[in-house]
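> below is the structure, and that's it, no one-letter string:
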């Protein structure tokens, strides 16, 4: 049996025989009524045929490809993938709350993939894994060259209506039949409320495309992505405003790539990825703001902690060394097309050197030499189930002052909501930290995820940011890195 976590993706054929029926078992326990539903969508991520809405009021699809059995808050779906029509390329399994309540209040949420009474895959979550959602997508089984599974485990505060709307569906208004003239009879008992029916949306003359859960429209060739270089020292740099949104510009500048500054003499070949000799660190500028709260990691801290925006938590040494810190980025892929997220960072060393680690230009860094930060490759296809990793050598914490972890969408639209990125930070002897990209921007392609700062060489504080920028220079300015930038491509 394979234990899935949120964001897990795999080929289904690696776990079961996809040519034979199998079961998807969903069980949610808590103090509310939880309704489960499975619906099939087409290659445009749209619910185009409401006969493939399978739930307690419509217990089977037209050819019995999907069959529902329910008991209390549990639901079992028997699925035959080979019998599905060609226009159904994804099955979405959902849970919604009937009445009051939020998913943060549940005791448990379990999803199992079972074949021949053997559990092949299992996802187990609890209330701490959610917030104020009233409807969630538990798992998705989708065709992308082969049948695959994704443990989505995220949802919508607005409930089932919002979830269905994201796939082009809607909840039909209850139908009230006209009653005939009453004959003399005893006073009848009140009739039960009609059960809402799920239907596909009514066709309109020219519906506008819905931006959620659809493959992004092809865009022109992507603008060059930035590569950063070390800053040109200046006698007295002016203070840079921090954490402010950039003013819109008439036309977006090329997305930069960092390289070393050109010498001021006659033009010569630009040296690659060099930096000026570090100068003494400037005296800290006093800030007149209240310090942000920092949570330490006591012995009884849970094994997994999800950070809120602006919150900090300390990763502390548990021995003579902090050990290896692994920062992982994972994200969802649409059924058609792909989203290419790049995990990157800016760093500042204790000697004042500032630079970056990114796949662009082959700046993968080094684990055992400065900057003691290493990027493990670049997953441009999205096929790597493990996502992308940054590894930090905690044995050299005294040589690292701060690290800004960020991600960028290299190609395609800024479809952050569909990507649903999740970053985890793992450090020996400390709880696993989770940073969700749970707010979105429809246009900006750069997201600052987290800031790590040295705490007297005894550990790093980790602060959740999730701030979006139109370019890397704008992000650089907001966090006062001061690098020089120029355009570049992979």
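Noted; the coordinates are in hand. Source: prediction; values computed, not measured. Numbering: from 1, shown residues only.
> how deep is the closest residue to residue 12 other than its chain neighbours tucked in, by neighbour count?
Leaving aside its chain neighbours, residue 12 sits nearest to residue 147 (4.5 Å; criterion: CB to CB, 6 or more residues apart in numbering). Quick note: C-beta positions are derived from backbone N, CA and C, even for glycine. For residue 147, the count of nearby residues is 19 (other CB atoms under 10 Å).
> my guess is residue 147 meets residue 141, correct?
Yes - in this structure residue 147 lies within contact range of residue 141 using CB atoms under 8 Å: 6.3 Å.
> may I have the beta-bridge partners of the residue nearest to residue 12?
residue 143 (DSSP bridges).
> any stretches of the stretch 251-400 of the chain with poor pLDDT?
251-302, 334-337, 378-385 (pLDDT under 70).
> that older thread, which neighbours do residue 147 and residue 141 share?
Residues touching both residue 147 and residue 141 (CB atoms under 8 Å, 6 or more residues apart in numbering) are 12, 81.
> which other residues reach stretch 85-93?
24, 26, 36-43, 45, 48-49, 52, 66, 77, 79, 111, 137-143, 167, 335-336.
> what's the span of it from first residue to last?
18 Å (CA to CA, to the nearest Å).
> can I assume residue 460 sits in a helix?
No - using DSSP: H, G, I helix; E, B strand; the rest coil, the assignment for residue 460 is strand, not a helix.
> who are the contact partners of it?
Applying CB under 8 Å, 6+ apart, the residues contacting residue 460 are 314-315, 322, 325, 397, 403, 452-454.
> let me see the contact set for the closest residue in space to residue 370 that isn't next to it in sequence.
Spatial nearest neighbour of residue 370, excluding adjacent residues (CB to CB, 6+ apart): residue 349 at 6.4 Å. Residues counted as contacts of residue 349 (CB under 8 Å, 6+ apart) are 370-371, 399-401.
> check residue 127 too.
Residue 127 touches 30, 103-107, counting by CB under 8 Å, 6+ apart.
> select only the buried ones of the residues you listed in ChimeraX?
The buried residues among the contacts of residue 127 can be selected in ChimeraX (16 or more other CB atoms under 10 Å) with this line:
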select :30,103,106
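> just the contacts of residue 127 now: which is nearest residue 310?
Distance to residue 310, by CB to CB, is smallest for residue 104 among the contacts of residue 127, at 19.2 Å.
> assumed that closest one was part of a helix.
Yes - Residue 104 sits within a helix when classified using three-state DSSP.
> surely it meets residue 130?
Yes - with contact defined as CB under 8 Å, residue 104 and residue 130 form a contacting pair (4.9 Å).
> now stretch 27-39: buried residues?
Result for stretch 27-39 [16+ other CB under 10 Å]: buried residues 27-28, 30, 32, 34-39.
> for residue 129, what are phi and psi?
phi -80, psi 0 (degrees, to the nearest 10).
> list the contacts of it.
Contacts for residue 129 (CB under 8 Å, 6+ apart) come out as 6, 109, 153, 306.
> what sits up against stretch 436-446?
211, 255, 306, 309, 406-409, 414, 416-417, 419-423, 447, 449, 466, 468-472, 474-475.
> any idea how far residue 303 lies from residue 462?
Using CB to CB, to the nearest Å, we find residue 303 at a distance of 16 Å from residue 462.
> kindly report the same for residue 131.
20 Å.
> looking at those two, which has the bigger crowd around it?
Set side by side, residue 131 and residue 462 show more neighbours around residue 462, with 27 against 16, by other CB under 10 Å.
> the more buried one against residue 452, yeah?
Yes - judged on CB under 8 Å, residue 462 makes contact with residue 452 at a distance of 5.5 Å.
> show only the entries of the contacts of residue 349 found in strands.
400-401 (DSSP state E).
> residue 70: which of the contacts of residue 349 is nearest?
Nearest to residue 70 among those, with distances taken as CB to CB, is residue 400, at 53.7 Å.
> now do the contacts for that closest one.
Shown in contact with residue 400 (CB under 8 Å, 6+ apart): 347-350, 371-373, 392, 454.
> who does it form a beta bridge with?
residue 349.
> most neighbours among the contacts of residue 460, which one is it?
residue 315 (28 neighbours).
> part of a helix, is that residue?
No - Residue 315: not assigned to a helix; according to three-state DSSP it is strand.
> was I right to think it contacts residue 427?
Yes - with contact defined as CB under 8 Å, residue 315 and residue 427 form a contacting pair (4.5 Å).
> ok so, going back, on the pLDDT front, check the residue nearest to residue 12 for me.
On the pLDDT scale, residue 147 is placed at 96.
> tell me the buried residues within the contacts of stretch 85-93.
Buried, going by 16+ other CB under 10 Å: 24, 26, 36-43, 45, 48-49, 52, 66, 77, 79, 111, 137-143, 167, 335-336, out of the contacts of stretch 85-93.
> what's the closest residue to residue 401 other than its chain neighbours in contact with, if anything?
Spatial nearest neighbour of residue 401, chain neighbours left out: residue 348 (4.6 Å); criterion: CB to CB, 6+ apart. Neighbour list for residue 348: 354, 400-403, 481 [criterion: CB under 8 Å, 6+ apart].
> list the beta-bridge partners for residue 95.
Applying DSSP bridges, one finds that residue 95 bridges with residue 36, residue 136.
> is it true that it touches residue 32?
No - at 10.7 Å, residue 95 and residue 32 do not qualify as touching, with contact defined as CB under 8 Å.
> what do residue 315 and residue 427 both touch?
322, 325.
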